[in-house]
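[1] sequence? don't have it. structure:
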(Lines give C-alpha, C1' and ligand atoms only; values in the text may rest on other atoms or scores of the structure.)
Protein backbone atom coordinates (compact mmCIF):
# COMPACT_ATOMS: atom_id res chain seq x y z
CA UNK A 1 0.00 0.00 0.00
CA UNK A 2 1.54 3.29 -1.06
CA UNK A 3 0.68 6.45 0.81
CA UNK A 4 0.43 9.59 -1.26
CA UNK A 5 0.23 13.08 0.16
CA UNK A 6 -3.44 13.34 -0.74
CA UNK A 7 -4.37 10.12 1.06
CA UNK A 8 -2.42 11.19 4.15
CA UNK A 9 -4.14 14.59 4.18
CA UNK A 10 -7.58 13.03 3.64
CA UNK A 11 -6.92 10.54 6.43
CA UNK A 12 -6.00 13.39 8.76
CA UNK A 13 -9.05 15.44 7.74
CA UNK A 14 -11.51 12.55 8.00
CA UNK A 15 -9.99 11.40 11.29
CA UNK A 16 -10.41 14.90 12.72
CA UNK A 17 -14.05 15.04 11.65
CA UNK A 18 -14.51 11.53 13.07
CA UNK A 19 -13.03 12.61 16.40
CA UNK A 20 -15.54 15.45 16.53
CA UNK A 21 -18.37 12.99 15.86
CA UNK A 22 -17.07 10.64 18.57
CA UNK A 23 -16.89 13.44 21.14
CA UNK A 24 -20.38 14.68 20.20
CA UNK A 25 -21.88 11.18 20.24
CA UNK A 26 -20.31 10.36 23.60
CA UNK A 27 -21.43 13.58 25.29
CA UNK A 28 -24.96 13.45 23.87
CA UNK A 29 -25.21 9.67 24.28
CA UNK A 30 -26.24 9.21 20.65
CA UNK A 31 -25.06 6.04 18.91
CA UNK A 32 -25.18 7.05 15.23
CA UNK A 33 -22.60 9.88 15.34
CA UNK A 34 -20.42 7.81 17.68
CA UNK A 35 -20.31 4.82 15.32
CA UNK A 36 -19.86 6.99 12.21
CA UNK A 37 -17.07 8.87 13.96
CA UNK A 38 -15.26 5.67 14.80
CA UNK A 39 -15.68 4.49 11.22
CA UNK A 40 -14.29 7.81 9.94
CA UNK A 41 -11.24 7.38 12.13
CA UNK A 42 -10.56 3.75 11.15
CA UNK A 43 -11.48 3.34 7.48
CA UNK A 44 -8.70 5.51 5.93
CA UNK A 45 -6.19 2.87 7.10
CA UNK A 46 -7.83 0.26 4.88
CA UNK A 47 -8.74 2.31 1.78
CA UNK A 48 -5.93 3.32 -0.55
CA UNK A 49 -7.93 4.93 -3.38
CA UNK A 50 -8.37 8.67 -2.95
CA UNK A 51 -11.69 8.76 -4.82
CA UNK A 52 -13.10 5.89 -2.76
CA UNK A 53 -11.88 7.55 0.43
CA UNK A 54 -13.65 10.80 -0.47
CA UNK A 55 -16.85 8.95 -1.38
CA UNK A 56 -16.95 6.86 1.80
CA UNK A 57 -16.06 9.91 3.87
CA UNK A 58 -18.95 11.93 2.46
CA UNK A 59 -21.37 9.05 3.06
CA UNK A 60 -20.20 8.55 6.65
CA UNK A 61 -20.39 12.28 7.36
CA UNK A 62 -23.92 12.48 5.91
CA UNK A 63 -25.37 9.47 7.77
CA UNK A 64 -25.85 11.21 11.17
CA UNK A 65 -27.78 14.03 9.51
CA UNK A 66 -30.27 11.69 7.86
CA UNK A 67 -30.51 8.84 10.40
CA UNK A 68 -32.05 9.80 13.72
CA UNK A 69 -32.34 7.07 16.35
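    Arrived safely. What you see is a predicted model; the values in this text were computed from it and never measured. Numbering: from 1, shown residues only.

[2] Wait, residue 57 touches residue 37, no?
    No - the criterion here is Cβ atoms under 8 Å, and residue 57 misses it with residue 37 at 11.8 Å. All C-beta atoms are positioned from the backbone trio N, CA, C, and that covers glycine.

[3] Show me which of these two is the more surrounded one.
    Using other Cβ atoms under 10 Å, the more surrounded residue of residue 57 and residue 37 is residue 37, with 24 against 21.

[4] any idea of the pLDDT on that one?
    Listed pLDDT for residue 37 reads 97.

[5] about what we covered before: between residue 57 and residue 37, which contacts overlap?
    residue 17 (Cβ atoms under 8 Å, 6 or more residues apart in numbering).

[6] Could you pull out the buried residues of the helix or strand hosting residue 13?
    Following DSSP states H and E, one finds residue 13 within helix 5-28. Buried residues in helix 5-28, counting neighbours by 16 or more other Cβ atoms under 10 Å, are found at 7, 10, 11, 14, 15, 17, 18, 21, 22, 25.

[7] Run the chain-centre distance for that helix.
    5 Å (Cα atoms, centre = their mean, to the nearest Å).
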